[in-house]
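>>> Quick one, fold the following:
(chains A, B, C, D and E, ligands or ions: 4)
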Amino acid sequence: MSLDRTKPLLLPLALVLAFELWARLTHLQSDSLAPPSAILAALATALADLSIPIATRDTLFAAFAGLAIGSAIGLALGIAFGISRPLDRLMEVTVEAIRPIPSIALLPIALIALGFGYRMEIVIVAFACVWPMLIMTRSAVRSIEPRLMEVSRALRLSAPQRIAKIVIPAALPRIFVAFRLSAGIALIVAVTVEIAINPIGLGAGIMLAQQALRADLMLAYLVWIGAIGYALNMLLIAAQRRLFGRAALAGDNP
Amino acid sequence: MSVVARLIEVRAARRQKPLIAFNAATLRLGGKTIIENLDLQVRPGEFLCIVGASGCGKTTALRLAAGLYRPTSGAVTFEAEPITEPRREVAIVFQDYGKALLPWRTAAGNISLALEASRVPARERGARIEALLRKVGLPGHADKYPTEMSGGMQQRLQIARCLAQEPTTLLMDEPFGALDAMTRQGLQDEVLSLTQASETTVIFVTHDLDEAIYLGDRVIGLLPHPGRIGIELDVDLPRPRDQLATREHPEFLRLRRQLFDFIKATEH
Amino acid sequence: MSVVARLIEVRAARRQKPLIAFNAATLRLGGKTIIENLDLQVRPGEFLCIVGASGCGKTTALRLAAGLYRPTSGAVTFEAEPITEPRREVAIVFQDYGKALLPWRTAAGNISLALEASRVPARERGARIEALLRKVGLPGHADKYPTEMSGGMQQRLQIARCLAQEPTTLLMDEPFGALDAMTRQGLQDEVLSLTQASETTVIFVTHDLDEAIYLGDRVIGLLPHPGRIGIELDVDLPRPRDQLATREHPEFLRLRRQLFDFIKATEH
Amino acid sequence: MKRTAILWRVASVLVAAGFIAAWQLVANLKLVSPVFLPGPDRAWAALVRGFSSGDLAGKLIGTLEHMAYGWFAASIAGIALGALIGSSKTMRAYVAPSLEFLRPLPVSAIIPVAIAMLGLTQGMALFVIAFGAIWPIMLATIHGFAAVEPRLYEVARSLQMSRTAIIAKIALPSALPDILAGMRLSLTVALILSVVCEILAGLDGLGHWVLLSARAFRSADLFAGVILLGATGYLTSVAMSLVEQRLLAWQTAAR
Amino acid sequence: QTKIQIGCTATSDCASAMVAVDEGIFRKHGLDVEMTPIAINSNIPAAILSNSIQVGGPTSTVFLQAVDGGLDLVAIAGASVMNPTSNTAIAAFVRNGITIKDPKDFIGKKVGAPGLNAFLHVLFVKWLVEKGVDPRSVNFVEVTFPTMADIIKSGGVDAVLTAEPFVTRMSNAGLGSVGARYGAELGRTDPIIFYAASRDWAEKNVATVKKFREAVAEAAAIVNSDREKASASIAKFTKQPLDLVKATPPNQSEPNLKPQNLSWWIEVMSSQKMLQSKLDTAKLVLN
Ligand SMILES: Nc1ncnc2c1ncn2[C@@H]1O[C@H](COP(=O)(O)OP(=O)(O)OP(=O)(O)O)[C@@H](O)[C@H]1O
Ligand SMILES: Nc1ncnc2c1ncn2[C@@H]1O[C@H](COP(=O)(O)OP(=O)(O)OP(=O)(O)O)[C@@H](O)[C@H]1O
Ligand SMILES: [Mg+2]
Ligand SMILES: [Mg+2]
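Ligands and ions are numbered 1, 2, ... in the order given. Okay, here's the model as predicted:
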C-alpha cells in the first residue's frame, strides 16, 4: 500500500533531484530557471503571505465559471451534432473555421468589449472549452452501440428521454474524458489570459514575477498550477466514481 | 396465378384488413438486394412465424415491419399507413440480446426503461418490474447487471422489457435461441397465453421448426438470396396448445415434415 | 461411495490421464457461489457435452476450463498443470458471438487474426481463410463486416476463427444457438468429422439435448445454485454418427428421455 | 453518394456565408468600434493586399510548418504514451501522475523555461507545440484502451497474442474513433499553439503577423490573419474527415 | 474623491504616478487612484477604451500607432523622457564571439528586440539609418527581457537591444559585451512614455485631468530628486527586488508635454513606414 502511494512520486522526485544537482554543479545563472530548492522557498513564502492563495481563488473562479458555461454549450452542441447528421453537416464549415481561432489573437477585442476582470476571462475560457466538449461528445455519441439507439427508437422515447436515458449514460465515460480535458484547458486558458492581459490571478502573478526577474517565484507559480491541475483531476475522477458509479466507469477501469 | 384469382385474393385481404402489410417490399443494403418483392399480410391478432436458413433475411424482414429499415421500393404499412418509425405499441425483441440491454442499468433498471418511456408513475414501477421478472423466470435477479447474467438470462430480460411496453404487436427475433428446452417451453406457453388473452399480433422469427408450428397460426418459410417467401403453411391445430398433446398431433407432424423438406431443399 | 470404490475410481482416472481436470473447483463471483466443488475429468480426445437449465453455470464452467476465470478454491488443470491463462492450443467459441468479433475487420480479417496469432505466413492465409469460410458455409462473404452479417453468419464466423487456430482442444459455448436446423446439422457433422479425425478434445455447452447426445461421448447435466454435476451419462452410440440413424437408435431415445427428465426436475 | 456529399458541403458553406453576412451587418451597424472589428469586406481587402505583397504567404507557410511538425510529434508521442499507460499497470503507477501534473501548465508560461533549456530554436517551438497538443490524443488513447469490449481481450488472450499484437490488433483499432477525435482536437490545438508560440517567442509565422497588426492597431490585417487561420483549420479538418472516413469505414457499415 | 485607475507596465517610466500614490499626493489633490499593472504596453490603448483604466502610460510608439489606427486617444501629461542618463542605459548587447566595431557590422546579424516596432527597436533602426546602414539587412526577432540572458548565452541571437539593469547583469555574467550605445549616440530628449486617456473621458473630466497634472508634476519633482523614494515606489509597484531597482536610476520624469514633443517620433515612425496617416500633433495632446 505504502509503495503504491510512493510510486507516482518516484519519477518527479528523481527529475527534481537531477535538476537540483545540475543547477548546483553548473552554478546556474538564468532569469527564467532556478534550482528546485529556491523554487520551493519562493513557493512557501508566497503561500504564507497569501498572495498565491488569493490569486488561486481568482483564477479558479474564472476557470470554473468558464468551464461550466463552455462545457454546457459544448455538450449540448456535441449531442445535437452527434444525433443529427444534417445539423452536423450544415454547421461543419462554420464550426471548423471558428474552432482554430486562437483567443489570444482576439484578446484586444475581448478587452475592449468587456474590459479587465472576470467577465472577459470567463468568456474566453468558455470559448476555449466549447470545442473539446463538442468534438469528443459528438464522436462519443456517434459510437454508441447502434442497437441501443434502436431500442430507444422502438420504445418511442421522447428526445429528452432518449438523451437522458440512452445517449448521455452510454457516452458518459467519454464525456468525462472530454470534461477532464476541458478542465485542464480552462485552467491553461485562464492563466494565459491573465499572463497576457488580465491583471488578476495566478497568471498575473507569473507575469509580475517574470518582469521582476524572479525566476524562482515564477517557477513556484508554475509548480503550484501543476499541483492545482493535478488535484483538480483527482477530484474529477473521484467525483466521477462517486456520482455515476458503474455508469461512468463502464470499461474505464482495467 | 390468374388475374381473377389474384383479384379475389386482393379482395379477401381487404376484407381482413391486415394490421401489418408488406406490399412488394424490396430492400437493398450495401449494394445487395436483401429482400425482394415481399408481399405479406399479417392480420390483427395473428401469430405469424417466420423460418428460413441462416442469412436468408428473417431479421431484415422483421426490421422492415418494425420501421427500423425503410423499403427501397414497395411499402410496409401498419394499419394501412406506411411505417416510417417504430411505434410504441409495437415491441421488438432483438436477436443480439447482449447488445440491446443497457449495460449501466440493472435488470430492474432495464425493464424500468420501458415503463419510463410509457410514463408509468415511479411508485407503480416496482411491483410491475417484480411481476415481469417472475413471468420470465428471473425473480430475485432484479439487482444484477446484464454482464452478471448468463446468456439465457439476458435474453429473458429483454423479453421482460418488451412485455413491459404492453405492446399490441410483438416482433420477436429468435427470442428463445439461448434457452434450454424446459425454460423455453415455459416461455413459449407464457407468450402464447399472454398474446391470446390480449389478442396481441405477433411476428416470431425462429430457426426451430417445432417451435414455429407449436406457436403459430401461420408459418412462412423464406428463401435466401434475395429473401422471398418460399412456403406458407396455415397451422390448423387446436388452441389452447399443449406441449405434449399438440406436439403429438398428426397435423403437427405433417407440417413439421413439410417444413423440414422445405428447409432442406433451400440449403445448397 | 465407499472408500474402496473411490480409490478404484481415482486409479482409473490416473490411468486415463485426464487432459482437463476440475478438482473440487469452486468459483465465487460478486459474493455468490456460482460453481461449487466441481469434480470433472475430461480425457484426451473425448467429446464432452454439458447441458443444464439457463443460468446454471455452464458458461462459467467453460470459462474455468479456458483459464478465463481462476477457481476461488480447488483447481482446474490442463495436462496436470493448473491453468492460469488461456493456451493457444485451446480454442474458445463464445456464447455472445456478436461481441467476440472485431467489428473493424471483415470476415476474412477476423479469421486472419487467429492465423496471424499463430504466425502463419501472409501468403498462406488467403487460401486457408477461403477454405475455412467454405467449411462453415460462408463462401463469398469474406469481405463483409460482422455488422453486415446475420446472427447465424456471425456465429459461424466465430467458429471458423476458432478452427483457424487448429486447436487440440475446443471449448464451445452454444455455438449453434442461432442456426436453423439444417445449417446446424451440417455444422454438427462438420465439427464431428474434424474432431474425430484429429482427436481433438471438445467441451461443448448446449441447451439442445438431442445435439448433446448426438455429438457427445459423455453428457453432463449441471444443477443450478450453485452449479454442480447432477447427472452424468456415457453415450454408447456407434461412431461415425448419422443424422437419421443415430437419432432413431433406441439408446439415443433412452438417453434423451433420461436427460429430459433430469432437466425437467431441475426447473422450479 | 458522391453528389449528396457535395451538396451537403455546399449547404454548409452557405450557412457559413450566412454567418459572414451577419458579421458584415454587425460591422456596418458599428455595434463594435470599426477600429477593433472591421467588416469582412475590409478584412478581405487586407488579405488580398497581404498576399499580393508576398508577406502573408510566407507567414502562412511558417505557421503550417510549425503546426504540422508539432502535431505530428504530438500524435506519435501521444499515441505511444497513451498506449503504454493504457495497457500497463506499471506505467500507470509511475508515469501517469507526473503527466497529470504537467497537463495544466500553460504554454505561455512554459515558453520562457523552454527557451532557457532549448534556446530560441525551431526545436523549442516543436517541443512547446507538441507539449500542448499531446493531451487530447493521450487522454483519448488511454480511454479508448480502457473501453475495449472485454470479450475482445479474452479473444486475444485465448489466441495467446503478444502484448504488442494485442495493442496493434485489438486495442488500437478499437480505440481508433477516440484517438481520431483526439487528433482532430490536437490539430486545432497545434494550430493555436503555433500562433501563440510565434507571438510569444517571436518566431516567423501568422502569429507574428497577427501580433504586429494588433500592435499597430491595423485590425483589418489582424482579421486577414484570423481568416487564414480559420481557413487553415477548416481545410485540415476536411483532410482529417477524409482520413476518418477511410479508417472508420466499418463504423459506417454498421449504420 | 474622484476614483481613477491608472495602468502602467512594470517599468520606472510611470514613477511619477507611483510616487504620487505612495506619498499621498493624489489623495491630497482629491483623487483616489488605483494602479493596475499591465503586462504588455500595447494592451494599454484597448484597456483605456474599455474604460478598465481611465489613464494609461503607453510608449510613444504604441500611442502613435493606436491613434494612427483610429483610436481616439489623447495625451494628458508627460511621464518620462529620454535624457543622457537613460540614453546611456540603452545598449545593443552582443554575445561572446561577436565583435561590433562599426554599425555596418550589424549587417547580417540576428538581433533580438524586446518588441518589434516598439521603443528600443524603433530607436535602433533610426540609429542604423543615421549611420547609413539599411535596417533590412539586419535580421530582427523578438526576445523578451527575462529570456535575453539565456538566449544570448545559448547563441540563439547575436545581439539584443536592451537597457539597464540587464546590460550590467549580462556583462557581469560574462555573456558578452556592449556592441553599441545607440541611445547615447542618438542623444535625444523626446518623451518615452506619457499619460494618455480617451478623448471622450478627458474632455468630460477636465477638472480631474487638471488635478492629475498637478499631482504628477509634484511627484515628478520627487522622482527626479529623491532616488530613495522613487526606487521604493517602483519596487513596490513592479514587485522587483529593491536592490535591483536601486541599481539603475529611474528614467527622468517630465510632467510637461507639448505637442511638438511628439513630432520627432512621428517623423521617425513615418520614415519607418509604421504610420499610414498624417497625424496632427496639435490634436494629440490635450491642452
Ligand atoms: N447492414 C447490412 N449491410 C449489408 N448486408 C446486410 C446487412 N444486414 C444484413 N445483411 C445481409 O442480409 C442477409 C440477411 O440477413 P438477416 O440478418 O436478415 O438474416 P437472418 O435470416 O436473420 O439470418 P439468421 O438466422 O442467421 O439471423 C445476409 O446475407 C446479410 O449478410
Ligand atoms: N460476472 C458475474 N458476476 C456475478 N454473477 C455472475 C457473473 N457471471 C455469471 N454470473 C451468475 O452465474 C450464474 C451462472 O451463469 P452462466 O453464464 O454460467 O450460466 P449458463 O449456464 O451459461 O446459462 P445460459 O444457458 O443462460 O447461458 C448465473 O446465475 C449468473 O447470474
Ligand atoms: Mg437473424
Ligand atoms: Mg451461458
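>>> which secondary structure elements does the strand or helix carrying residue D:66 contact?
Assigned by DSSP states H and E, residue D:66 falls within helix D:55-87. For helix D:55-87, the elements it packs on are helix D:40-52, helix D:89-94, helix D:96-102, helix D:122-146, helix D:172-201, helix D:206-215, helix D:219-247, judged by 3 or more Cβ pairs under 8 Å, 6 or more residues apart in numbering or on different chains; DSSP states H and E. Placement of C-beta: from N, CA and C, glycine included.
>>> wait, which of those is closest to residue B:31?
Closest approach to residue B:31 among the helices and strands packed on helix D:55-87 (Cβ to Cβ): helix D:219-247, 17.4 Å.
>>> now the closest one and helix D:172-201, what's the angle there?
Our comparison of helix D:219-247 with helix D:172-201, counting by axes from the mean of the first three to the mean of the last three Cα atoms, to 10 degrees, yields an angle of 170 degrees.
>>> Is there any residue in helix D:219-247 that contacts chain A?
Yes. Counting by Cβ under 8 Å from any Cβ of the partner chain, chain A is contacted by helix D:219-247 at D:222, D:225-226, D:229-234, D:237-238.
>>> Relative to chain B, which of the helices and strands packed on helix D:55-87 is closest?
Ranking the helices and strands packed on helix D:55-87 by proximity to chain B (Cβ to the nearest Cβ) places helix D:122-146 first, at 14.4 Å.
>>> Now render the helices and strands packed on helix D:55-87 as TSV, adding mean neighbour count.
Formatted as TSV, the helices and strands packed on helix D:55-87 follow (neighbours: other Cβ atoms under 10 Å in any protein chain shown):
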stretch	mean neighbour count
helix D:40-52	17
helix D:89-94	14
helix D:96-102	19
helix D:122-146	25
helix D:172-201	26
helix D:206-215	26
helix D:219-247	20
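>>> Include distance to residue C:155 when you put those into CSV, please.
Output for these, formatted as CSV (distance: least, Cβ to Cβ, whole Å):
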stretch, distance to residue C:155
helix D:40-52, 59
helix D:89-94, 35
helix D:96-102, 40
helix D:122-146, 27
helix D:172-201, 21
helix D:206-215, 56
helix D:219-247, 28
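>>> now for the residues of helix D:219-247 next to chain A, which pair is the farthest apart?
Taking Cβ to Cβ, no two of those sit farther apart than D:222 and D:238, at 25.0 Å.
>>> Where does the stretch 1-150 of chain D get nearest to chain A, residue-wise?
residue D:104 (2.4 Å).
>>> so what's that residue closest to, chain neighbours aside?
Closest residue in space to residue D:104, ignoring its immediate chain neighbours: residue A:229 at 2.4 Å, by Cβ to Cβ, 6 or more residues apart in numbering or on different chains.
>>> contacting residues around the one you found?
A:184, A:187, D:100-101, D:103-105 (Cβ atoms under 8 Å, 6 or more residues apart in numbering or on different chains).
>>> Try it again at 10 Å.
A:183-184, A:186-188, A:191, D:100-106 (Cβ atoms under 10 Å, 6 or more residues apart in numbering or on different chains).
>>> Could you do residue D:37 as well?
Counting by Cβ under 10 Å, 6+ apart, residue D:37 has contacts A:106, A:109, A:112-113, D:23, D:26-27, D:30-31, D:43, D:219-220, D:222-223.
>>> Doesn't it lie inside a strand?
No. Under DSSP: H, G, I helix; E, B strand; the rest coil, residue D:37 falls outside any strand and is assigned coil.
>>> Pull up the gap between the residue in chain D that ligand 2 sits nearest to and residue B:103, please.
Nearest residue of chain D to ligand 2 (Cβ to the nearest ligand atom) works out as residue D:150 at 10.3 Å. Going from residue D:150 to residue B:103 by Cβ to Cβ, to the nearest Å gives 11 Å.
>>> Of the two, which one has the most company?
residue B:103 (18 against 12; other Cβ atoms under 10 Å in any protein chain shown).
>>> For the more buried one, give me the backbone phi and psi.
Per-residue torsions, residue B:103: phi -70, psi -20 (degrees, to the nearest 10).
>>> in terms of contact, does it touch residue A:172 like I think?
No. In terms of Cβ atoms under 10 Å, residue B:103 does not count as a neighbour of residue A:172; the distance is 11.4 Å.
>>> so where is the chain shaky, pLDDT-wise?
Because you didn't say which chain, this covers chain A. A:1-5, A:244-254 (pLDDT under 70).
>>> other chain: chain D
Applying pLDDT under 70 to chain D flags the ranges D:1-2, D:252-255.
>>> Over to whichever residue of the stretch 151-254 of chain A sits closest to ligand 1: give its phi and psi.
Residue nearest to ligand 1 within the stretch 151-254 of chain A: residue A:153 (16.2 Å; Cβ to the nearest ligand atom). As for residue A:153, its main-chain torsions (degrees, to the nearest 10) stand at phi -70, psi -40.
>>> Equivalent analysis for the one 5 residues further on, please.
Here the main-chain torsion angles of residue A:158 (degrees, to the nearest 10) amount to phi -70, psi 160.
>>> Now for it, how many residues are close by?
13.
>>> list the contacts for it?
By Cβ under 10 Å, 6+ apart, the contact set of residue A:158 is A:152, A:164-165, B:117, B:119.
>>> Nearest residue to the middle of chain D?
residue D:187 (1.6 Å; Cα atoms, centre = their mean).
>>> Wait, that one touches residue D:241, no?
No. Applying Cβ under 10 Å, one finds residue D:187 not in contact with residue D:241, separated by 11.3 Å.
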